[in-house]
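*Asks:* below is the structure, and that's it, no one-letter string:
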């Protein structure tokens, strides 16, 4: 990833605007000048003058974007192909859809991870307060009544006392956990480690694969519609994929293209399955495989969003139930003996 590379949303906004400008018959140079006048984004305000300056020297749109050093290689390659093939407008529109999809998927995943994370933090806070603050008060009440805590409540009380004595140790562990989470979310290497874990974890393995397939089929659609042949399109689309299993299978597909067509190879390697496989074979017969790839990408995107929402719908009540059960067990283990003592007085 390049230093200060634009986000998926920023790229989607830029390419969408450029597609509209080109569709209106305005040249890239004039279009970038128009965007410079109306753009309120600080990052784009610094980038657009660089693009317009290089365009004013007669350089290509591809060279002008490359000079900014903030656009991903995939986008730059597709822009170059779009210019050479005379399909720059179509390429910019397709790139806009592609990067908007990537942004939406990323936001969906963040939403799916944020709520469970907040709930887990709340669970720990509630349990720590119960163990270190509430139970000692109940213990004093028991002692004043000539009794003592037993069973589960006694175990939790002892744990709370232990945590109180070594609070600085648990605080340090908590801080380290927060640092680790920030590393996994913000650092590029941390993101890769988290992604590789999600591709192997049973609950997220299928969702991660569908996300990767959505990116692959979307990339293939753009490349094929830009005039690239199948092998070139496959090479371009592979640059978008970081999923280790899918990357390996795509290498096998590329090696088999000498004996098979693309749709047959993708189906035989079980990359595209089910109804998607039937659609792909249909597209191969009709000569509209780029359109079918786009439709498959949309379907994968919809399926992924549905799986994430389904996962959230399971996680949310599960965490609430765990917290309620734990708090209820603690309070019942204290209140029931206390009620028994009070009734015998």
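*Replies:* Cool, the structure landed. From a predicted model like this one, the values you see are computed outputs, not experimental measurements. Residues are numbered from 1 along each chain as shown.
*Asks:* any weak-confidence spans in the chain?
*Replies:* Residues of the chain that meet the criterion pLDDT under 70 lie in 1-4, 147-150, 340-345.
*Asks:* at the geometric centre of it, which residue sits there?
*Replies:* Closest to where the C-alpha atoms of the chain average out (Cα atoms, centre = their mean) is residue 106, at 3.3 Å.
*Asks:* quick check: closest non-adjacent residue to that residue.
*Replies:* residue 8 (6.5 Å; Cβ to Cβ, 6 or more residues apart in numbering). For glycine as for every other residue, the C-beta is placed from the backbone atoms N, C-alpha and C.
*Asks:* ok, so what distance separates the one you found from residue 71?
*Replies:* According to Cβ to Cβ, to the nearest Å, residue 8 and residue 71 sit 12 Å apart.
*Asks:* when these two are compared, which one has more neighbours?
*Replies:* Between residue 8 and residue 71, counted using other Cβ atoms under 10 Å, the more crowded position is residue 71 (22 against 19).
*Asks:* how much space is there between the closest residue to that one other than its chain neighbours and residue 56?
*Replies:* Of all residues not flanking residue 71 in the chain, residue 65 sits nearest, at 5.1 Å (Cβ to Cβ, 6+ apart). In this view, residue 65 and residue 56 are 14 Å apart by Cβ to Cβ.
*Asks:* do the same with residue 275
*Replies:* According to Cβ to Cβ, residue 275 stands 50 Å off from residue 56.
*Asks:* now residue 234
*Replies:* Applying Cβ to Cβ, the value for residue 234 to residue 56 is 37 Å.
*Asks:* now swap in residue 249 and tell me
*Replies:* Applying Cβ to Cβ, the value for residue 249 to residue 56 is 46 Å.
*Asks:* next one: residue 89
*Replies:* From residue 89 to residue 56 the distance is 21 Å (Cβ to Cβ).
*Asks:* more crowded one of the two?
*Replies:* More crowded of residue 89 and residue 56, by other Cβ under 10 Å: residue 89, with 17 against 12.
*Asks:* if we can go back for a sec, surely the residue nearest to residue 106 and residue 100 touch.
*Replies:* Yes: Residue 8 is within contact range of residue 100, at 7.5 Å (criterion: Cβ atoms under 8 Å).
*Asks:* pull the number of nearby residues for residue 286.
*Replies:* Counted with other Cβ under 10 Å, the neighbours of residue 286 add up to 10.
*Asks:* same check, this time on residue 174
*Replies:* 13.
*Asks:* ok, now which ones touch it?
*Replies:* Applying Cβ atoms under 8 Å, 6 or more residues apart in numbering to residue 174 gives the contacts residue 124.
*Asks:* ok, now how distant is it from residue 157?
*Replies:* Counting by Cβ to Cβ, the gap from residue 174 to residue 157 is 21 Å.
*Asks:* with residue 112 instead?
*Replies:* From residue 112 over to residue 157 the distance is 36 Å, taken as Cβ to Cβ.
*Asks:* more crowded one of these two?
*Replies:* A count of neighbours by other Cβ under 10 Å puts residue 157 above the other of residue 112 and residue 157, at 24 against 18.
*Asks:* before we move on, which element is that one in?
*Replies:* Following DSSP states H and E, one finds residue 157 within helix 151-165.
*Asks:* contacts for that helix?
*Replies:* 128, 130-132, 135-136, 138-139, 148-149, 170, 329-330, 333-334, 337.
*Asks:* closest to residue 60 among these?
*Replies:* Lowest distance from residue 60 to the contacts of helix 151-165 (Cβ to Cβ) belongs to residue 170, with 59.2 Å.
*Asks:* quick one, what contacts that closest one?
*Replies:* Going by Cβ under 8 Å, 6+ apart, residue 170 touches residue 163.
*Asks:* now residue 329, what's its secondary structure?
*Replies:* helix (DSSP: H, G, I helix; E, B strand; the rest coil).
*Asks:* what's the nearest residue to it if we skip its chain neighbours?
*Replies:* Sequence neighbours aside, residue 152 is the residue nearest to residue 329 in space, at 6.5 Å (criterion: Cβ to Cβ, 6+ apart).
*Asks:* burial check on that neighbour, number of neighbours?
*Replies:* Other residues lying near residue 152 total 13 when counted by other Cβ under 10 Å.
*Asks:* identify each buried residue in stretch 212-222, please.
*Replies:* Applying a neighbour-count criterion of 16 or more other Cβ atoms under 10 Å, one finds 212, 213, 214, 215, 216, 217, 218, 219, 220, 221, 222 buried in stretch 212-222.
*Asks:* mind telling me what element the fifth one is part of?
*Replies:* Spelled out, that is residue 216. Using DSSP H and E, residue 216 maps to helix 205-225.
*Asks:* repeat for residue 315
*Replies:* Element membership for residue 315, per DSSP H and E: helix 289-344.
*Asks:* you'd agree residue 320 is up against residue 118?
*Replies:* No: taking Cβ under 8 Å as the definition, residue 320 is not a contact partner of residue 118, at 11.8 Å.
*Asks:* neighbours of residue 306, how many?
*Replies:* Count around residue 306 with other Cβ under 10 Å applied: 12.
*Asks:* between the helix holding residue 157 and helix 289-344, how big is the angle?
*Replies:* Relative orientation of helix 151-165 versus helix 289-344 (axes from the mean of the first three to the mean of the last three Cα atoms, to 10 degrees): 110 degrees.
*Asks:* how far does the helix or strand just after helix 151-165 sit from the chain's center?
*Replies:* Sequence order places helix 167-186 as the next helix or strand after helix 151-165, per DSSP H and E. Put simply, helix 167-186 sits 22 Å off its chain's centre (Cα atoms, centre = their mean, to the nearest Å).
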